[in-house]
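Participant: missing the sequence, but the structure's below:
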């Protein structure tokens, strides 16, 4: 019941904050957000799962299976649990949420109780996405994330917040519909070979080749069409090129704490779902299309990096950087090697921390100067030394500086990708490595323009320096990034254990 208690603590904590006073809600929401963090830490310290939850022979940690109701010929069940893929994502969610709340104390000045309550409700829904193994339950949590995120952008965002929120909602909602159609088509194709919408049962049936045709579609065509539908649906959430256009607007208009949650965790919903659905349930199609998917990944890496290079808004730079970083995740997933799949999962965690760190740093710069344009800023290192040092170190982590989490993640992905067997794997890997050069280019240019040279803030020479509660979240995230860079096995060991069955069954190798 520990999973349920953790979800409920975030959910009821959010409801309680919605009803609390604006004056008390900031500190109260922070304290309440520590309860889910405690729950995930207990689960991490007592984690005893093994293997991959969707592969037979695996052990799911903290598993709960309760019959719920029937939907036609299928039973719907409350089935939740944790394996080595979901556990690190739960940790990421529970760590970033209280830190995002802490970072919101300065910039959020109105309707505070509603803001912090919605943050906790998002956390509860995110937990559900990463632990649910019944598709119906999973889909409820998946859609539940959209509602509070829409209001967080639309109410507390910038001048174009309503447009950005509507675009975010339409893109992701249409994508969910496309994904839903693809999965349900698979269910109909499996017919009476399954009796529930449990992902483990569906996985076993697909691996046993129980999929039949549907209408005019034979089983192979049906599987390919379902793969494509789910790939598009999840690809929008990631986002990958060309489904990325909603992301920069959402980031620019969202308040900084919301950008931290959006980039740090919400994008990982897409890559997590790709790993669970496309690259596990339909692994044979993923292998067949691996070269094409890898090409999409390389385009996302390089195109996202070049888009970031062309920006002058600090938030837009980091937003487009996220597209590039998620391209590396997609490349790793195509490899079906332990290091490729494990590196992709590790990159989800690393990017969540690094992007959260950079967005928080930009938030402090904006709070102090009331601008995010690199053309309006110069010499901040003299006036904001702590923020400057943290941003610069985080940027070097983004570039893949050794002894930081970004280096470990990219190293694992490149090792796995060079060992992949699909056509042009080595070429695609080399091209994606070129993306690091572009990332280094625009981040170094940003650092040089914003933090060095003579001090200047156009139109606003007086700085509002950050307070201690603004700096603490940055320091904590930076320490975790360094810890994962020095000792990646803090989480990589359980990740490796979870992806090894996929590499063994579908990639034909377990040690590369």
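Facilitator: Arrived safely. Given the structure is predicted, the values throughout are model-derived calculations rather than measurements.
Participant: can we go C-alpha only for contacts and neighbour counts from here?
Facilitator: Noted.
Participant: pLDDT below threshold where in the stretch 351-500 of the chain?
Facilitator: Within the stretch 351-500 of the chain, the stretches with pLDDT under 70 are 460-461.
Participant: cutoff 80 now
Facilitator: Low-confidence segments of the stretch 351-500 of the chain (pLDDT under 80): 459-464.
Participant: can you map out the helices along it?
Facilitator: 380-383, 385-399, 405-418, 425-451, 468-486, 489-506 (DSSP state H, counting those that start in this stretch).
Participant: next one: the stretch 151-300 of the chain
Facilitator: Going by DSSP H, counting those that start in this stretch, the stretch 151-300 of the chain shows helices at 161-190, 199-207, 219-237, 246-253, 256-261, 267-273, 283-288, 290-309.
Participant: which ones are touching the residue lying closest to residue 282 once chain neighbours are set aside?
Facilitator: Of all residues beyond its chain neighbours, the one nearest residue 282 is residue 227 (6.8 Å), with distances taken as Cα to Cα, 6 or more residues apart in numbering. With contact taken as Cα atoms under 8 Å, 6 or more residues apart in numbering, residue 227 is in contact with 182, 278, 282, 285, 286.
Participant: quick one: the last one from residue 126, how far?
Facilitator: With distances defined as Cα to Cα, to the nearest Å, the gap from residue 286 to residue 126 amounts to 26 Å.
Participant: the nearest residue to residue 162 once chain neighbours are set aside and residue 87, how far apart?
Facilitator: Of all residues not flanking residue 162 in the chain, residue 154 sits nearest, at 4.8 Å (Cα to Cα, 6+ apart). For residue 154, the distance to residue 87 equals 31 Å [Cα to Cα].
Participant: and the longest strand seen in the chain, which residues are buried?
Facilitator: Looking across the chain with DSSP state E, the single longest strand is strand 61-71. Buried residues in strand 61-71, counted by 16 or more other Cα atoms under 10 Å: 61, 62, 63, 64.
Participant: equivalent analysis for stretch 29-39, please.
Facilitator: Within stretch 29-39, the residues that count as buried by 16+ other Cα under 10 Å are 29, 30, 32, 33, 34, 35, 36, 37, 39.
Participant: and what of stretch 51-58?
Facilitator: By 16+ other Cα under 10 Å, the buried positions in stretch 51-58 come out as 51, 52, 53, 54, 55.
Participant: give me the phi and psi for the first one.
Facilitator: Here the main-chain torsion angles of residue 51 (degrees, to the nearest 10) amount to phi 80, psi -160.
Participant: separation between the residue of the chain most remote from its centre and residue 390?
Facilitator: When each C-alpha in the chain is compared with the mean C-alpha position (Cα atoms, centre = their mean), residue 454 comes out farthest, at 37.5 Å. In this structure, residue 454 and residue 390 are 20 Å apart, going by Cα to Cα.
Participant: so what's the residue nearest the centre of the chain up against?
Facilitator: Taking Cα atoms, centre = their mean, the centroid of the chain lies closest to residue 268, which sits 1.9 Å from it. Counting by Cα under 8 Å, 6+ apart, residue 268 touches 238, 348, 352.
Participant: out of those, who has the most neighbours?
Facilitator: Compared across the contacts of residue 268, residue 238 has the highest neighbour count, 28 neighbours, by other Cα atoms under 10 Å.
Participant: and it, what's its pLDDT?
Facilitator: Listed pLDDT for residue 238 reads 92.
Participant: repeat for residue 56
Facilitator: On the pLDDT scale, residue 56 gets 86.
Participant: for it, which non-adjacent residue is closest in space?
Facilitator: residue 204 (7.3 Å).
Participant: cool, and residue 380?
Facilitator: Residue 380's closest residue in space is residue 451 (Cα to Cα, 6+ apart), at 4.5 Å.
Participant: contacting residues for that neighbour?
Facilitator: 377, 378, 379, 380, 381, 382, 388.
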